[in-house]
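Visitor: Requesting a structural model of the entry that follows:
(2 chains)
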Amino acid sequence: MAGTDGAIVGVDIGGTFTDLVMLEPGGRVRLAKVPTTPENRALGVLAALEAGEVSLDGAQSICHGTTATTNAIIERKIAQVGLITTQGFRDVLELGRRTRPEPYGLIGSFEPLIAREHRLEVPERMAADGAVLVPLDEAAVRAAALALKNAGCEALVIHFLHAYRNPAHERRAAEIAQSAWPEAYITMGHEITSEFREYERGVAASVNAAVQPLLDRYVGRLQSALEAKGFKRDLLIMQGNGGSIAAKAVVRRAVNTVMSGPASGVMAAAAIARALRLSRVITYDMGGTSTDVGLIDHGVPAVSTELELEYAMPVHVPMVDVHSIGAGGGSIARVDRAGILRVGPESAGAVPGPIAYGRGGTRPTITDANLVLGRLDPKRLLAITIAPDPASIARTMEQAIGKTLGLDGVGTAAAIVRIANDRMAAAIRLITLARGHDPRDFALIAFGGAGPLHACALARELSIPRVVIPARPGLTNALGCAIADLRHDFVINLNAPLAKLSDADIRRALDEQIAAGRAAIAHDAIATEAIEFRFSADMQFEGQTHILTVALDSNALDSSGLKAAFLAAYRERFTVELEGIGINLVALKTAAIGRRAAPPLLSLAAGERAPSLDGARIETRAVWFEGGFRDTPVYDRTRLPDGSRFTGPAIIQQLDCTSVIEPGAVAVLDALGNLMVEVQP
Amino acid sequence: MSNFDAVTLAVIESGLIQVCNEMDLAFVRSAFSPVISEALDRSDGIYAATDGALIAQGELGLPVFVGTMQDSTAAVIARAKDVRDGDIYIVNDPYLGGTHLMDVRFVMPYFHGGRLFAWLANTGHWPDIGGMVPGGFSANATEVEQEGLRLPPVKLFKAGVMDEEILAIILSNIRIASQRIGDIKAQAAALKVGARRLDALIARYGAAMVEAAIAELRVRASQQMRACIATIPDGVYRGRAIVDSDGVVDQPLTIAMTITKAGETLSFDMTGTSPPCRGPMNSVIATTRSSIYLAIKHIFPEVPINAGTFEPLRIKDPKGTFLYAEYPRPVSGCAAEVSQRIAEAVFDALAPALPDRLFAAPAGTSGNLALGGNDPSRGRPYVMYVISGGGYGGSAALDGLTNGCSTIGISKTTPIEVFEQRYPVLFDEYALREGSGGAGRTRGGFGVRYKLKVREGAARASMVMDHGRVGPNGALGGAPGAVTTIAIERRSGVYRPLHRSKDQGIELEAGDTITVETPGGGGLGDAFARAPEAVMRDVSRGYYTVEEAARLFGVVLIGAPPAVDHEATRNLRRCQTSPRPHASTASA
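Guide: Numbers count the residues shown, from 1 in each chain, chains lettered A, B, ... in the order given. Predicted coordinates:
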């Protein structure tokens, strides 16, 4: 194993594969892709380290992203949690905000994260201004904590009305509970979000408590496994806000790891965009079951505090704003009763998977369509032992779908791809056009196992002029983990008319957040090169209920600067001018970012270069494009000579991904190993 | 099935819906009225140039507007003269394809290449439109003039410029007028956002192709609805629903729904329904039709919405009943309450016909409560609106959802912390209402109990709710959900509204409280066939008592935590049949 002093490692655990990227100071890169081990994910991490021939002696840091906490919530494989709350309000977490899963259809169900029998009430009450109306009944808190302990709970949420304004009762109750029940994991409602909505704040705290014990045990197992291998340096965990945090600090804020999977991909895309000096990009991450799209405007990925994990499960902590739809390689195609072709959101999953996997799948998927069209090589599907027969899949497609539509197998496959592309295009329209952005001003960065198969067609549909396919599309999330900066977010809810706040009030709030940010990064004790702060504000016109989050210029952090930024953003978003109406400052937000040493992104495309483009050619095969099959050259991505330039149609194959270059599109391999594709609309 | 390119058709279909979704989004995010921005009480759509037929509607529009906006757009078309690019009509006349006065429509012609191509329209629920009570929900109005300002279709914008004179008339007739200008701009801007997106769609595919697709989609939606209807066995099905009272005369109003299924059509006949009423519980025909449409859409949610969807539904005008209100009958209760009873009558009729697809009745009341007074600390008047949810009905595989939103809406409730920040009130309780779900093989979901206290100053309360007399129907032998109850505790004693669920101008002082219990959903199927383990779980969660487990479900539980005594349960279930109804009689 090579000496790797100062190397940084990123590991991403996905549903199917565990991916690893290691960047060494000299520019050398090591990569690995191994199956995920759901029963003990740490084993998969060790297997990836082994497969990548990574020596941990000299590694500076390992940053690790996992979908474990997200999946735990969605599958409800969570810790048993108890709740102590204000008398009269234990059902807030079950009642929610009066909703149903879909606008039409009156059938549905919702299971709160904390069962009703584990939700206990104690006498106490704060008014909206923070005044104590009913003092905390301390004996009741102690009795409740012991009752929940005896009921077998492992974690405890303490959530009182108006604690965002005055947290004294929550703090005191936590002290009492901790002394009565020392081994409990305790989450106070006000410490996860300071939002003034009891349901949303309570859900965020419940999510934190529900995954905290699992995350603690998992991080502990991983840490000792790595230590046994000789690793004693920095272990970091990826967060949903796109930054990392020291493993020892993450457990307290376990909720921050939720949604970290899509976030790492967006962060990698942002780094690639910076290296390419592209300030506005759309990130397009298509995997086996879903597609995540995000927006990077002026170099910075959008972060939202309004995302919902699933129906009635708002998690209002800062998270990279990705829009997900159920369209992935495994998405199933079908014809509805009106005779219209639909693709997804139902997915064939890993088992039985697409027909092509030969594991009993019988319903056509997007992956099957790409095989029939010659875009995927049947001999090179990952994790498949027996190569499927595209002709037989085409027959199945014709039977299942084509007959109703009057299409043959190939026509059906082409239609499936077009419908899928259309749904993904709609997702991109929603984050661009619907927010006032013109896709023509952006580049599309395509990654994930399936993104580069569809990117050129999507770009054409949306009039996006340029597609970037990174060197290792299928390992982008692991790369995002490797390079993620430390990040801590702070939100203070002011909810006051801007006119009534002095510049000093604003400055004081921000200074407190800056100090807290420095302290948190110091506590991480991870090597950083610099600390940077980013400020934003949630604002609205007085009388409105929705907010608009506005990035703030650090040179204009005063009342007039905030006002100007809000008016400009409002005009851009809603095409409406509303002079003369007062402005509310709902919240001030600060992101403290600890910059870690940025390794070179060179040589991600390491490989034995062919002397000429022709030397990188694997074969020529028939691939379907609009108008019919065409003889299309298939190149080996790792052997493409530097600076290669060619015009589509072409197929580019590599271990982790296949890219499709549509006819007429011009692809150039740049010095960083990215394929830059100019798409003619 | 025609030879239209299936792929292009799907792309244009989603493009049209996208236009509407973007209008919905722009409207909601920039509106000032919380009824629009939080409660999502609005809808946006595209309508045919000649007759206003529905082309597409936003996926997150308020369901009750599904059928009404094509009627109001048609009313605009019938009266419009000299239509120009940039004009926007405003209309809220209930008798011209409307709902109640608070639902204000903006209707804008959309031109392409100098030709009228379609109409873009939206509806927004304004927080006030004048009239005898703030908010417009007068429980005892007897003519429409008492309910507020009625606008025939007039051009509020002429060739892109707002008519300041019409605006001045409107603003002089409504409360809290200062904030309406922001909403008016938001409502108009949303239509312009839609026009921009429709421009892009037509530029991409060409006007002829888009028009052909619209026609084809209408045919296909109709075919899809026919295919759904075909799954219903031929026959005549009867359902009923009861409105507590009209708010003026304390007599129940009956909706009698006879549905005849023959081949691929469904016919709806409301003969036997109560005559027009004095109070505001009359429904205009557009709302009556829309309520039937949305009920069917709740049963077959997979059918897309356009004018074709509803072609196989034949609705006989219920002339001479309270579901066919004519001027000057008061109508403020029709959108929020009567519409939901109409939908319940449809569910009630069809449940035996489609036992795998239907559900017992949902709570079905919007729970409108308005509290107004003077806030002494802030030195200003206030009006706060509380809406509430209730349980949904049991269905073939699932128990009903707890605290679901109204059948006709998708609005969320306001957080308690927000109410307490803004108004001089304090909630003592906001809880799941135990025992309120109707018993059944699958039980109803649970309603809510909340207790609201006036902290400072005097106030007056008004409410328009329903299901105070009869709980939401059970289905296939299930029991109904619990009825609405309202109790006002004052120094002088406990007061209950004379009409159970409706009252107006109740005087309150600091320290007085209002306790509202909302309905649970109906149960589905025989409660004695419910899995004993499910009953045990419900009891351990406190949803029902041990005594209720035995009485309502025939399940004997012993010990703590409760465990099923299987032998005693078998004996009990053999000897008795499940009692019904259990909670259908009003406690007031």
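Visitor: How many neighbouring residues does residue 60 have?
Guide: Using chain A. Counted with other Cβ atoms under 10 Å in any protein chain shown, the neighbours of A:Gln60 add up to 19. Heads up, the C-betas are built off the backbone N, CA and C, glycines and all.
Visitor: look at chain B instead
Guide: 17.
Visitor: Okay, and B:Thr515 sits in which element?
Guide: Assigned by DSSP states H and E, B:Thr515 belongs to strand B:513-517.
Visitor: quick one: strands adjacent to that strand?
Guide: strand B:448-454 (antiparallel), strand B:485-490 (antiparallel) (DSSP bridges).
Visitor: any idea which helix or strand carries residue 427?
Guide: No chain specified, so I'll use chain A. Here A:Ala427 sits within helix A:409-431, counting by DSSP H and E.
Visitor: I was after chain B.
Guide: Secondary structure from DSSP H and E places B:Phe427 in strand B:425-432.
Visitor: So which residues make contact with that strand?
Guide: By Cβ atoms under 8 Å, 6 or more residues apart in numbering or on different chains, the surrounding residues in contact with strand B:425-432 are A:88-92, A:94-95, A:116, A:127, A:133, B:371, B:384, B:402-403, B:416, B:419-420, B:446-455, B:513, B:515, B:543.
Visitor: Which of the residues you listed are buried, as a ChimeraX select command?
Guide: Entered in ChimeraX, the line below selects the buried ones among the contacts of strand B:425-432, by 16 or more other Cβ atoms under 10 Å in any protein chain shown:
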select /A:88,89,90,91,92,94,95,116,127 /B:371,384,402,403,416,419,420,446,447,448,449,450,451,452,453,454,455,513,515,543
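Visitor: residues contacting residue 390?
Guide: All of this is about chain A. A:371-372, A:374, A:378.
Visitor: Chain B was what I was after
Guide: Going by Cβ under 8 Å, 6+ apart, B:Gly390 touches B:362-365, B:367, B:403-404, B:436, B:445, B:447-448, B:467, B:472, B:481, B:518-521.
Visitor: Determine the three-state secondary structure at the nearest residue to it once chain neighbours are set aside.
Guide: Leaving aside its sequence neighbours, B:Gly390 sits nearest to B:Ala363 (Cβ to Cβ, 6 or more residues apart in numbering or on different chains; 2.3 Å). Assigned state for B:Ala363: coil (three-state reduction, DSSP: H, G, I helix; E, B strand; the rest coil).
Visitor: how far away is B:Ala363 from B:Tyr293?
Guide: 21 Å (Cβ to Cβ, to the nearest Å).
Visitor: Look at those two and report which has more neighbours.
Guide: For the pair B:Ala363 and B:Tyr293, the greater number of neighbours falls to B:Ala363 (41 against 23), based on other Cβ under 10 Å.
Visitor: Leaving out the residues flanking it, which one is nearest to residue 388?
Guide: Going with chain A. Leaving aside its chain neighbours, A:Pro388 sits nearest to A:Ala356 (4.1 Å; criterion: Cβ to Cβ, 6+ apart).
Visitor: looking at chain B here, not the other one
Guide: Distance criterion Cβ to Cβ, 6+ apart; nearest residue to B:Ser388, sequence neighbours excluded, is B:Gly367 at 3.4 Å.
Visitor: tell me the phi and psi of that neighbour?
Guide: The phi/psi pair for B:Gly367 (degrees, to the nearest 10) reads phi 70, psi 40.
Visitor: Surely it is in contact with B:Val386?
Guide: Yes: B:Gly367 lies in contact with B:Val386 (Cβ atoms under 8 Å); the separation is 7.2 Å.
Visitor: What's the local residue count around B:Ile176?
Guide: Neighbour tally, B:Ile176, other Cβ under 10 Å: 15.
Visitor: got the contact list for it?
Guide: By Cβ under 8 Å, 6+ apart, the residues touching B:Ile176 are B:127-128.
Visitor: now swap in A:Ile176 and tell me
Guide: Going by Cβ under 8 Å, 6+ apart, A:Ile176 touches A:138, A:141-142, A:145.
Visitor: Just confirm it is within a helix.
Guide: Yes: checked against three-state DSSP, A:Ile176 lies within a helix.
Visitor: secondary structure class for B:Gly520?
Guide: Of the three states, B:Gly520 takes coil under three-state DSSP.
Visitor: Please, which helix or strand holds A:Ala478?
Guide: Assigned by DSSP H and E, A:Ala478 belongs to helix A:476-483.
Visitor: I misspoke; the intended subject was A:Val203.
Guide: helix A:198-228.
Visitor: got the buried residues for that helix?
Guide: A:198-216, A:218-219, A:222, A:225-226.
Visitor: swap in stretch B:101-121?
Guide: Quick answer for stretch B:101-121 (16+ other Cβ under 10 Å): B:101-112, B:116-121.
Visitor: And for stretch A:569-587?
Guide: By neighbour count with 16+ other Cβ under 10 Å, stretch A:569-587 contains the buried residues A:569-570, A:573-576, A:578, A:583-587.
Visitor: Repeat that for stretch A:547-562.
Guide: Buried residues in stretch A:547-562, counted by 16+ other Cβ under 10 Å: A:547-552, A:557, A:559, A:561-562.
Visitor: wait, isn't A:Ser612 in contact with A:Leu640?
Guide: No: counting by Cβ under 8 Å, A:Ser612 does not reach A:Leu640; the two are 10.0 Å apart.
Visitor: which SSE is the residue lying farthest from the centre of chain A in?
Guide: Farthest-out residue of chain A from its mean C-alpha position, per Cα atoms, centre = their mean: A:Ala139, at 42.9 Å. Using DSSP H and E, A:Ala139 maps to helix A:138-150.
Visitor: helices or strands next to that helix in the packing?
Guide: Contacts defined by 3 or more Cβ pairs under 8 Å, 6 or more residues apart in numbering or on different chains; DSSP states H and E place helix A:138-150 against strand A:81-86, strand A:119-122, helix A:168-180.
Visitor: what about B:Val144, distance to chain A?
Guide: To chain A, B:Val144 is 28 Å away according to Cβ to the nearest Cβ, to the nearest Å.
Visitor: let me redo that: B:Ala256
Guide: Distance, B:Ala256 to chain A, by Cβ to the nearest Cβ: 22 Å.
Visitor: Which of the three states applies to that residue?
Guide: strand.
Visitor: Mind checking what secondary structure the closest residue to it other than its chain neighbours has?
Guide: In space, B:Ala256 comes closest to B:Gly272 once its chain neighbours are excluded; the distance is 3.4 Å by Cβ to Cβ, 6+ apart. What three-state DSSP gives for B:Gly272 is coil.
Visitor: Would you check that B:Gly272 makes contact with B:Leu253?
Guide: No: counting by Cβ under 8 Å, B:Leu253 is not a contact partner of B:Gly272; they are 11.8 Å apart.
Visitor: Of the two, which one has the most company?
Guide: Shown here are B:Gly272 and B:Leu253; by other Cβ under 10 Å, B:Leu253 has more neighbours (25 against 14).
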